[in-house]
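# when you get a sec, could you give me coordinates for this:
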Amino acid sequence: MSTFDPDALECLAAIVEEGGFERAAQRLSITQSAVSQRLRALESQIGTVLIVRSRPLKPTSAGHLLLKHTKQMRLLRADLERDLKELAPSSTGGAREEERISIAINADSIATWALPALDELAAQRLPMEVITDDQDFTQDWLREGQVLGCVTTLKQALRGCKVVPLGAMQYVAVAQADFAKAHFPKGLDAHNFRESPFVAFNRKDDMQCEFISKAFGLKHVSLNQMFVPSSEGQVRAVLAGWGVSVLPQLLVRDLLGDKRLVNLAPDHSLPIQLYWHCWNLESEVLDALTKALTAAAAAALT
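Modelled structure (predicted):
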């Protein structure tokens, strides 16, 4: 098997992660010409194109495989760094920018339980990169080799990966108190949910429709929606009276307690089961990530 130049592999990863040759050059502190040369040398060695020059740039199937290999090499280096620090704490410096350990987590988990789970690893200076996406789509990042683990709603493990159940996040339908009094004096039901806009995360987010469908037994639900691509931003929009939103109970618990928000359907909640997927490799870093996330989930989720 051919031996691949680590600098060329990191160059490929930088192009994909940064979305272009110029930003990859800036990250690697080399010229844009050097980035192109490293990529061409790698493509010549493989015998195929690795990057589709589209907008945005995308890796080919071969590019995905090499990207995954690069992430695995980063993981091995991170494990080595941890071992060396235990033997000689002053012998190693900080990790390089290109050696980030990437994981994909849905925004609602980031806004509630997941970031505190990573506090200790951040304090150990593990060079983490947390990528956010809808919980139904975070696994795509793992499938494409761009992250080494993800929090997702999907239960089926990908080939070469393992899966750990985390628990269920409970979602409730809420509105600002005065807004609720004016528009839903008797609460949300199957007949009046169309009277207000719903604040969703983005166009991928089907949480609002799923809640209404399951709460009221409706097969087809169409909503007037506005989009705010931030969990905390959705909360702020609801507090400002934009409309109704289906949000994690963990995120709005205090606001419900002080009555700034109202639970419009107190007899209904939507449990969303979450799973942690990661590569099935022997790695202290992966084990530490898995342990931290599962422990935090066990304390926060149902």
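
# got the buried residues for stretch 34-52?
By 16 or more other C-beta atoms under 10 Å, the buried positions in stretch 34-52 come out as A34, V35, R38, L39, L42, E43, I46, L50, I51. For every residue, glycine as well, the C-beta is placed using N, CA and C.

# next, the contact list for the fourth one, please.
It refers to L39. L39 sits next to A8, C11, L12, I15, L50, I51 when contact means C-beta atoms under 8 Å, 6 or more residues apart in numbering.

# helices along the stretch 1-150 of the chain, start to end?
Using DSSP state H, counting those that start in this stretch, the helices of the stretch 1-150 of the chain run over 6-18, 21-28, 32-46, 61-87, 107-109, 115-117, 119-123, 138-143.

# any regions of the chain where pLDDT drops low?
Where the chain drops to pLDDT under 70, the residues are 1-2, 85-99.

# break it into its domains for me.
Split into domains by automatic domain parsing, the chain comes to 1-98, 168-272.

# next one: the first one to chain centre, how far?
The gap between where domain 1-98 is centred and where its chain is centred comes out at 21 Å by C-alpha atoms, centre = their mean, to the nearest Å.

# residues near A173, how many?
When neighbours are counted by other C-beta atoms under 10 Å, A173 registers 26.

# that one belongs to a strand?
Yes. Applying DSSP: H, G, I helix; E, B strand; the rest coil, one finds A173 inside a strand.

# that one reaches V244, doesn't it?
Yes. Using C-beta atoms under 8 Å, A173 is in contact with V244, at 6.0 Å.

# now do the shared contacts for the two.
Residues touching both A173 and V244 by C-beta under 8 Å, 6+ apart: L188, L264.

# with distance to M169 added, can I get the helices of the stretch 1-150 of the chain in a markdown table?
Shown next, in a markdown table, are the helices of the stretch 1-150 of the chain (distance: least, C-beta to C-beta, whole Å):
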| stretch | distance to M169 |
| --- | --- |
| helix 6-18 | 28 |
| helix 21-28 | 34 |
| helix 32-46 | 41 |
| helix 61-87 | 27 |
| helix 107-109 | 7 |
| helix 115-117 | 14 |
| helix 119-123 | 20 |
| helix 138-143 | 14 |
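
# tell me which of those is the most buried.
helix 107-109 (a mean of 26; mean count of other C-beta atoms under 10 Å).

# run through who's touching that one.
So helix 107-109 is in contact with 132-135, 151, 169, 201, 229-231, 247-248, 251, 274, going by C-beta under 8 Å, 6+ apart.

# cutoff 7 Å now
Contacts with helix 107-109, where a contact means C-beta atoms under 7 Å, 6 or more residues apart in numbering, come from T132, V151, M169, F201, S230, S231, P248, L251, L274.

# ok, what's across the strand from the third one?
Right, the one you point to is M169. With DSSP bridges applied, M169 shows beta-bridge pairing to I272.

# distance check, the residue nearest the centre of the chain against A114.
Relative to the mean C-alpha position of the chain, the nearest C-alpha, by C-alpha atoms, centre = their mean, is the one of I105, at 2.5 Å. Distance, I105 to A114, using C-beta to C-beta, to the nearest Å: 5 Å.

# which non-adjacent residue is nearest K162?
With sequence-adjacent residues excluded and distances taken as C-beta to C-beta, 6 or more residues apart in numbering, K162 is closest to N280, at 4.5 Å.
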